[in-house]
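Undergrad: attaching a predicted model along with its sequence, questions to come.
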Amino acid sequence: MSTRILIVEDDSFTSKLISGMLEKLGYVVSGVATNSTEAFNNLKKLPSDLALMDIGLADKDDGVKLTKELSDQFGIPIIYVTSASDDNTVKRAIASLPYGYVVKPISADSLYTVIELALQRRHLENQLIRSQDEMKILNNQLEDKVRSRTSELREKNETLEKEILRRKKSEAKLKVALAKEKELNELKSRIVSIISHEIKTPLTGIRSSAELIDLYLRGDRLDKQKIDKHANSIMSSVERLTDLINDTLLIGRIESGKVVPKSEEVFLRNELEHVIDEINRGFSNSHEVLLTYSDEVEEPFFSDNTLLRQIMTNIISNAVKYSPDAELVEVHVEKKEKNLVLAVRDYGLGIPAKDQKLLFQMFHRASNTSNIEGAGLGLAIVKRSVEALGGTIHFDSYENQGSTFIVSLPIFN
């Protein structure tokens with residue numbers, strides 16, 4: 001397709017001369033304009049590939065100013081054609097960034113050269129613009145891909161982090177579950193061992209005493225004293241078994257919420273003296289259980305007497321039982337604000353540090369008490385009874401130095 005060129009020249013002779021040259025050079029003259037208005041109208045009707053502009057137009061707008069306006073509106077490359085070659089004109093022309101400059105009189109060779117260079121420049125500029133546009137598109141696509149990939153990686157990282165966290169939590173739960181399972185298995189073994197011992201021992205005694213009684217009854221002469229002795233032994237073993245069963249059932253009832261504390265009048269000093277008397281009768285070794293109390297304890301108060309006796313009996317009997325070589329157990333009771341505080345101090349075996357965190361678990365016994373009878377239920381009953389009454393229990397204990405248990409119970413209205 002031939003190149004279309006607009007001629008902007010107010011001199012008709014010159015415009016005809018240029019038109020002839022262009023046609024001989026193989027170009028198409030798209031129009032001839034003598035002023036800015038005609039130039040604008042020509043370009044609106046028929047777009048051109050290039051314009052030859054006379055700088056010295058007679059129009060109000062000279063060629064330099066018109067060049068800028070045409071370039072801004074139509075983006076057409078413009079070559080100046082003028083007879084003016086003074087420095088000021090040249091500077092103004094260069095400042096308007098034309099595509100070429102031809103000085104009259106014009107030769108066909110120079111005109112062809114300037115036009116081809118301008119067209120080549122325009123072609124290169126268009127290529128550059130297209131390349132820039134393509135580069136911009138590629139950059140945008142790349143940025144979109146980077147954003148998309150970054151988003152995908154972020155999501156995958158978040159998913160991976162969540163999965164790692166989930167697995168860590170699962171591992172932690174598994175470790176806890178395994179530890180609990182191990183602890184439960186150890187507890188089961190310990191329960192079986194303790195229960196077997198605690199049941200087998202009195203049952204063996206019952207059977208042995210029953211066989212001896214049967215032997216005495218079959219003999220020629222009845223020995224009432226021996227029969228009574230073994231009958232009492234059977235009764236003692238039965239009571240021991242009954243206590244074990246009752247203690248186990250009591251814990252179950254408390255934990256299932258079937259034990260509802262009652263509010264009843266309690267004379268604590270009398271109850272404590274009865275408990276201490278019963279404990280002293282139950283142990284062969286001689287202990288002095290020293291009871292001290294504040295004046296307020298003399299007055300009756302309201303609580304659940306059954307649970308209160310369980311607490312006092314188990315704590316004080318433990319203090320006596322696990323102090324085989326000590327002679328003194330101290331019991332002190334006082335009223336602090338709206339709470340009753342019971343403190344029991346012994347100077348016996350003490351509780352090893354490794355056993356203290358498990359002390360209130362059912363059937364747990366301290367590692368230094370294996371040669372002393374017991375099922376490991378006493379302190380479990382105490383703990384649950386104290387909690388049922390809305391109280392608290394804590395202790396201080398050092399091995400071979402003894403223990404102090406302190407129970408604080410709210411006084412009922």
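TA: Cool, got the structure.
Undergrad: check which element follows the lowest-mean-pLDDT helix or strand in the chain along the chain.
TA: When the helices and strands of the chain are scored by mean pLDDT, DSSP states H and E, helix 224-255 comes last with a mean of 69. Downstream of helix 224-255, the next assigned helix or strand under DSSP states H and E is strand 264-266.
Undergrad: what's the helix or strand for the spatially closest residue to residue 33 that is not a sequence neighbour?
TA: Nearest non-adjacent residue to residue 33, counting by C-beta to C-beta, 6 or more residues apart in numbering: residue 39, 4.0 Å away. No exception for glycine: its C-beta is placed from N, CA and C like everyone else's. Following DSSP H and E, one finds residue 39 within helix 36-45.
Undergrad: for that helix, name the packing helices and strands.
TA: The contact analysis (3 or more C-beta pairs under 8 Å, 6 or more residues apart in numbering; DSSP states H and E) places helix 36-45 against strand 4-8, strand 28-33, helix 63-74.
Undergrad: for beta bridges, what are the partners of residue 403?
TA: Beta-bridge partners for residue 403, by DSSP bridges, are residue 397.
Undergrad: ok, it touching residue 394?
TA: No: applying C-beta atoms under 8 Å, one finds residue 403 not in contact with residue 394, separated by 11.2 Å.
Undergrad: those two - which one has more neighbours?
TA: More crowded of residue 403 and residue 394, by other C-beta atoms under 10 Å: residue 403, with 25 against 9.
Undergrad: quick one, what contacts that one?
TA: By C-beta atoms under 8 Å, 6 or more residues apart in numbering, residue 403 lies in contact with 319, 322, 345, 346, 348, 350, 351, 395, 396, 397.
Undergrad: for the fifth one, give its distance to residue 325.
TA: In this view, residue 348 and residue 325 are 7 Å apart by C-beta to C-beta, to the nearest Å.
Undergrad: the two: who's more crowded?
TA: Using other C-beta under 10 Å, the more surrounded residue of residue 348 and residue 325 is residue 348, with 23 against 8.
Undergrad: which ones are touching the more buried one?
TA: Residue 348 touches 319, 322, 323, 324, 325, 326, 402, 403, counting by C-beta under 8 Å, 6+ apart.
Undergrad: for it, helix, strand, or coil?
TA: Assigned with DSSP: H, G, I helix; E, B strand; the rest coil, residue 348 falls in the coil class.
Undergrad: which one is it nearest to, not counting chain neighbours?
TA: Closest residue to residue 348 apart from its sequence neighbours, by C-beta to C-beta, 6+ apart: residue 323 at 2.9 Å.
Undergrad: what helix or strand is the one you found on?
TA: Applying DSSP H and E, one finds residue 323 in no helix or strand.
Undergrad: residue 404 against residue 344, yeah?
TA: Yes: the pair residue 404 / residue 344 is scored as a contact, 7.1 Å apart, by C-beta under 8 Å.
Undergrad: and those two? which has more neighbours close in?
TA: Each of residue 404 and residue 344 has its neighbours counted (other C-beta under 10 Å); residue 344 has more, 25 against 15.
Undergrad: what does the pLDDT read for the more buried one?
TA: Per-residue confidence (pLDDT) for residue 344: 92.
Undergrad: buried residues, the strand or helix carrying it. List them.
TA: Taking DSSP H and E as the criterion, residue 344 maps to strand 339-346. For strand 339-346, the neighbour count (16 or more other C-beta atoms under 10 Å) marks 340, 341, 342, 343, 344, 345, 346 as buried.
Undergrad: likewise stretch 365-380?
TA: For stretch 365-380, by 16+ other C-beta under 10 Å, it's 365, 366, 369, 374, 375, 376, 377, 378, 379, 380.
Undergrad: next one: the fifth one from residue 314, what distance?
TA: Meaning residue 375. For residue 375, the distance to residue 314 - C-beta to C-beta - is 12 Å.
Undergrad: how about the helices in the stretch 251-400 of the chain?
TA: 268-282, 305-321, 353-356, 378-388 (DSSP state H, counting those that start in this stretch).
Undergrad: in TSV, list the ones you listed along with mean pLDDT.
TA: Below are the helices of the stretch 251-400 of the chain laid out as TSV (pLDDT from 0 to 100):
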stretch	mean pLDDT
helix 268-282	82
helix 305-321	87
helix 353-356	87
helix 378-388	87
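Undergrad: what would those look like in a markdown table with distance to residue 53?
TA: What follows is these, written out as a markdown table (distance: least, C-beta to C-beta, whole Å):
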| stretch | distance to residue 53 |
| --- | --- |
| helix 268-282 | 121 |
| helix 305-321 | 114 |
| helix 353-356 | 105 |
| helix 378-388 | 105 |
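Undergrad: on that earlier part again, if you compare the helices and strands packed on helix 36-45, which one is most tucked away?
TA: Mean neighbours per residue, mean count of other C-beta atoms under 10 Å, is largest over these for strand 4-8, with a mean of 23.
Undergrad: mind listing what that strand pairs with, with the direction of each?
TA: strand 28-33 (parallel), strand 50-54 (parallel).
Undergrad: next SSE after that strand?
TA: Taking DSSP H and E, what comes next after strand 4-8 is helix 12-24.
Undergrad: who's in contact with that following helix?
TA: 5, 7, 9, 28-29, 32, 34, 52, 54, 81, 104, 106, 108, 111.
Undergrad: and what of stretch 36-49?
TA: By C-beta under 8 Å, 6+ apart, stretch 36-49 touches 3-6, 8, 30-31, 33, 51, 57, 59-61, 66, 69-70, 73-74, 76-77, 119, 122.
Undergrad: right, I'll leave it there.
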